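*Asks:* Fold the following for me, if possible:
(chains A and B)
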Amino acid sequence: MAKKIFPKEEVCVGCHLCEVYCVYAHSKYKKPTVKAHELVKLYNKHKDSKPTPRILVEEKSGEWTTFALQCRHCDDAPCTKACITGAMKKLEDGRVICDEEKCVGCWSCIMACPHGAVRRGENKKAASKCDLCLELGEPACVKNCPNEALVIKEV
Amino acid sequence: MRYVIIGNSVAACGCIEAIRKVDLQNPIVVISDEKYRVYSRPLISYYLAGKVDESKMYIRDEDYYEKNKVETMLGKRAVSVDFKNKEVVLGDGSKVKYDKLLIATGGKPFVPPTKGFELKNVFTFIKFDDVKAIDEAIKNGAKKATVIGAGLSGLKAAEALIKRGLEVTVVELANRILGSILDLEASKIVQAELEKHGIVFKLETSVDEIIGDGKVEKVRLKNDEVLDSDIVVFAIGVVPNIDFLKGTELKINRGIVVDDHMRTNIEDVYAAGDCAEGYDFVFEQQRVIPIWPNAYNQGETAGYNMAGAQKTFDRGFPMNSIGFFDVHMITAGIVMPNSDDVEVLVKHDKEKNSYRKIYIKNGRVLGFMFINSIDRAGMITNMIKEGLNVESIKHRLLDDDFGYLDLPKDLRQEKILGGAKA
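*Replies:* The predicted structure is shown next:
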């Protein structure tokens, strides 16, 4: 049984906090707990290479609806079949992860992902995508959404 | 039950991984004339450029074969197949019996007969050993290179050689570079970028003769122009690596003809990858599609069927993601349609150096070329695969911020919350 995060567009307010906390959760400067001013300090440490959140808030000019989308950790993940290095792989726990050390930034995964959930990471070096933050226990985006617009479920 | 695979690249991986989803017990044997465990041929240019070292060339872990109970026969060439007795015959005379066979021998370089080809420092550009040999030549002082072919692998070779500090001239027969994935307008954008980095292009010509005393010293072009050269790299393209099967009962067109189960005309014999000719969903004909994800999908489909599970793959079509220096492009489907009933949508932002061209036919995406503005391109690739009617949103496909919000809510919800299926 794999875990997946689902967005609830009816209650998303488009605040982008999920993106902020995603960056925080994947930053090498993160600490176990974070207070607001520490978030800014952490962001400033990344000044030279603007970090890419692995979650994307979809919004469109003139549209009220917003929601956040990340990797669906597909069962038959097309990104793993397109990857030329073996960096994109499906783990036994069901997650699809990108081994950023192996990745060469060919973007075949971007070509293949039907959800557009993979992004070019910092300095366009490696593919950047959701890894469900399992080391943190609970994904940072789900935990910090102020309106419960992201839920994590076993499917 | 013994599964035998001739070939040890991505199609073989797809096959092994599919078999092992269904059958954990019966032996799988992989035969390859190369001595390496499974590695990525697309990465050879990265190796030559110095971007990856040998350890990163391998696409699966060291214990991959052991974990999947695969016996490997590496450095052994299959020279023929006795389809009647179900045996693969190897170069050393030994025979490998099979119950189910996958032929996944990939492609071999296409080299037109050229005077001087046998001189030292003339290379092809497909295998790991090819770039190791080029690397040696560079270490021995090669300074000028002539690359023959301005396609995907030729330009990757040229890029790597520039990064190694050589002077590079690329010779191409067509009137444009990257002829298989870009039209003239798009190719000029990429050509300008490559020329900025020092690559010299000689288009609409070819190499008539390679000249030298024992080793390459010059090349003479069709128009009689002579270029100094220390190395020559043939990177014109690949053709299916199936010479050893010609003249047998196996049905071969350009490649080994397969149906949507990857079955050949011979029972228990399958084919996948660059050596196979399956159905191209966009071109609507049997075609060799020498593209990495297609090879994996075909190998996987063959594997499932070999192991007794029913599986079909009938949505193969060409798609490419490739970049040189600071320019990157993603293309898919038909990029040079030759019918009048195709609508063309174009957006070229010269300031951002970004370009999108999309072909629409009967309300569906037929193909696209994206240069630099490639984010979320996979959403469009998927529209080709699903045959989605995009009539109401087609102009939005040119925008960087196209997304799920452009689709009606019920379709969007189905795709995101349906979740597991890609």
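*Asks:* so does the helix or strand bottoming out on mean pLDDT in chain B get close to chain A?
*Replies:* Every helix and strand of chain B was ranked by mean pLDDT, DSSP states H and E. The lowest is helix B:409-417, at a mean of 89. Yes - using CB under 8 Å from any CB of the partner chain, helix B:409-417 reaches chain A at B:K409, B:K415, B:I416, B:L417. C-beta: built from backbone N, CA, C; applies to glycine.
*Asks:* Around the last one, count how many other residues there are.
*Replies:* When you say that, I think you mean B:L417. Here the count is done by other CB atoms under 10 Å in any protein chain shown, and B:L417 has 14 residues near it.
*Asks:* list the contacts for it?
*Replies:* A:F6 (CB atoms under 8 Å, 6 or more residues apart in numbering or on different chains).
*Asks:* The same query, at a cut-off of 10 Å, please.
*Replies:* Taking CB atoms under 10 Å, 6 or more residues apart in numbering or on different chains as the criterion, B:L417 is in contact with A:K4, A:F6, A:P7, A:K8, A:R72, A:V155.
*Asks:* what does the second one give?
*Replies:* By CB under 10 Å, 6+ apart, the residues touching B:K415 are A:R72, A:P114, A:H115, B:M379, B:N382, B:E386, B:Y404, B:L407, B:K421, B:A422.
*Asks:* Nearest residue to the middle of chain A?
*Replies:* A:R54 (2.4 Å; CA atoms, centre = their mean).
*Asks:* what's the burial count for the residue of the stretch 301-422 of chain B found nearest chain A?
*Replies:* Minimum separation of the stretch 301-422 of chain B from chain A (CB to the nearest CB) falls at B:R376, amounting to 2.9 Å. The local packing of B:R376 (other CB under 10 Å) involves 24 other residues.
*Asks:* The residue lying closest to it once chain neighbours are set aside: how many residues sit nearby?
*Replies:* Counting by CB to CB, 6 or more residues apart in numbering or on different chains, A:G116 is the residue found nearest to B:R376 once chain neighbours are left out, at 2.9 Å. For A:G116, the count of nearby residues is 21 (other CB under 10 Å).
*Asks:* mind checking the SS state of A:G116?
*Replies:* Recorded secondary structure, A:G116: coil (DSSP: H, G, I helix; E, B strand; the rest coil).
*Asks:* Now do the contacts for it.
*Replies:* A:56, A:58, A:69, A:110, B:375-382, B:402-404.
*Asks:* Which ones among those residues map onto strands?
*Replies:* Mapping these onto strands (DSSP state E) picks out A:L56, A:E58, A:L69.
*Asks:* Quick check: the second one touching B:M379?
*Replies:* The one in question is A:E58. No - with contact defined as CB atoms under 10 Å, A:E58 does not count as touching B:M379 (11.3 Å).
*Asks:* Please look at A:P139 and A:Y21 and confirm they touch.
*Replies:* Yes - counting by CB under 10 Å, A:P139 does reach A:Y21; the two are 9.0 Å apart.
*Asks:* The ones in strands among the contacts of A:G116: which ones sit near chain B?
*Replies:* Intersecting the ones in strands among the contacts of A:G116 with the contacts of chain B gives A:L56, A:E58, A:L69 (criterion: CB under 10 Å from any CB of the partner chain).
*Asks:* surely the first one meets B:M379?
*Replies:* No - with contact defined as CB under 10 Å, A:L56 does not reach B:M379; the gap is 11.8 Å.
*Asks:* Now do the shared contacts for these two.
*Replies:* Among the neighbours of A:L56, those also in contact with B:M379 (CB under 10 Å, 6+ apart) are A:H115, A:G116, A:A117, B:G403, B:Y404.
*Asks:* Can you tell me which of those residues is closest to B:A186?
*Replies:* A:G116 (21.5 Å; CB to CB).
*Asks:* which stretches of the stretch 251-400 of chain B form helices?
*Replies:* B:292-306, B:377-386 (DSSP state H, counting those that start in this stretch).
*Asks:* tell me what the first one is packed against?
*Replies:* Other helices and strands packing on helix B:292-306, by 3 or more CB pairs under 10 Å, 6 or more residues apart in numbering or on different chains; DSSP states H and E, are helix A:78-82, helix A:108-112, strand B:3-6, helix B:10-22, strand B:100-103, strand B:269-271, strand B:276-280, strand B:319-324.
*Asks:* right, so of these, which gets closest to A:V96?
*Replies:* Nearest of these to A:V96, taken as CB to CB: helix A:78-82 at 6.4 Å.
*Asks:* Perfect, I'm done here.
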